[in-house]
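>>> have a look at this prediction, sequence included:
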Amino acid sequence: MPRQPRSSSDGATRFKGSTFVGAMLLFVAVAACPARADMPCPIPDALALRDISLPAAKQEVAADHRLTVLTFGGVHDLGASAEIDQATYPARLQAELSAALPQIQVTVANEAPPGKNSTDVPPVLPGLIAKSGARLVIWGPGGRDVATRLDLDTFLDAVKGGINAARHAGADLILLDTTFVPSPTRMALIEAYRQALRSIAVANDVPLLRRHDMMREWSEEGTLNLAARDPAERELVARHLFACVARSLAAPIAAAVK
């Protein structure tokens, strides 16, 4: 009996089935590797934080056997399963610090970045520190300031205000510089803010993680594909990046508070 020609509905069904299977495999791939402990994050010696001083956090660890950290953001761009997977930046930081300080109760409290730019941070920072009980604040000013074209002098005043607010509230501060984006146009806008942040960090003896330069290294050597356009790949890159930044912070913080 001659073979009947395949109907268009049969083809559509097969296509839908293969698409569904492909989507499920992609979902499994994303969920299965939120931020593995073995993900490579080579940190150049010249960029690693070393010998930093965190007196308030160290006192909390010594007196109460706990460490409370306040961070901003690093949650919303990772997909619906990110918090369940412990793939967000705050979750990765808490996991890395807990591993580095096994006898210490580590809590990383996270808040949405206040307001529209860095000028909105100093007025609310004392209240956020009091609310969380944090003795260490990690803040990455600059990215939103570039987007809003904040005046550089105003930016410097805002960062200095944040430094003073944290110290007056009894907390240490670590600054993160702006993220690296493989776009010459955006990098030209970011550079002035990066240089300003580095100068104020040095002038006020505040540790600064050179996140931008680390990301550039990871991008150029192929650790992170920061130019990824596919949404699923971008999500995986973001999860990997958060794990790498958390790891870059955890070791120097642990060394400073022991």
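Looks like it came in fine. For clarity, every value in this text was computed on a predicted model and none was experimentally measured.
>>> what count of nearby residues applies to P102?
7 (other CB atoms under 10 Å). Heads up, the C-betas are built off the backbone N, CA and C, glycines and all.
>>> and the gap between it and A254?
According to CB to CB, to the nearest Å, P102 and A254 sit 10 Å apart.
>>> how about Q195?
29 Å.
>>> which one of those two has more residues nearby?
A count of neighbours by other CB under 10 Å puts A254 above the other of Q195 and A254, at 19 against 12.
>>> was I right about the more buried one contacting A100?
Yes: the pair formed by A254 and A100 meets the contact definition of CB atoms under 8 Å, at 3.7 Å.
>>> which stretches of the protein aren't confidently modelled?
Scanning the chain for pLDDT under 70 picks out 1-39, 76-85.
>>> ok, now how distant is P184 from E191?
Distance from P184 to E191, by CB to CB: 11 Å.
>>> one more: P123?
28 Å.
>>> okay, and K160 sits in which element?
helix 152-168 (DSSP states H and E).
>>> what packs against that helix?
Identification of packing neighbours for helix 152-168 by 3 or more CB pairs under 8 Å, 6 or more residues apart in numbering; DSSP states H and E yields helix 121-132, strand 172-176, helix 184-203.
>>> mind redoing it with 10 Å?
Applying 3 or more CB pairs under 10 Å, 6 or more residues apart in numbering; DSSP states H and E, we find helix 152-168 packed against helix 121-132, strand 136-139, helix 143-147, strand 172-176, helix 184-203.
>>> columns distance to A62 on top of the ones you listed, output as JSON lines?
JSON lines is the format used below for the helices and strands packed on helix 152-168 (distance: least, CB to CB, whole Å):
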{"stretch": "helix 121-132", "distance to A62": "19"}
{"stretch": "strand 136-139", "distance to A62": "14"}
{"stretch": "helix 143-147", "distance to A62": "34"}
{"stretch": "strand 172-176", "distance to A62": "14"}
{"stretch": "helix 184-203", "distance to A62": "26"}
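>>> closest to E60 out of these?
E60 lies closest to strand 136-139 among the helices and strands packed on helix 152-168, at 8.3 Å (CB to CB).
>>> how far does the closest one sit from its chain's centre?
Distance of strand 136-139 from its chain centroid, counting by CA atoms, centre = their mean, to the nearest Å, is 12 Å.
>>> elements contacting it?
Under the contact criterion of 3+ CB pairs under 10 Å, 6+ apart, strand 136-139 touches helix 55-64, strand 66-72, helix 89-100, strand 105-111, helix 121-132, helix 152-168, strand 172-176, helix 231-257.
>>> P40 is nearest to which of these?
Comparing these by CB to CB, helix 231-257 comes nearest, at 8.4 Å.
>>> could you check the angle helix 55-64 makes with the closest one?
If you take axes from the mean of the first three to the mean of the last three CA atoms, to 10 degrees, helix 231-257 sits at 70 degrees to helix 55-64.
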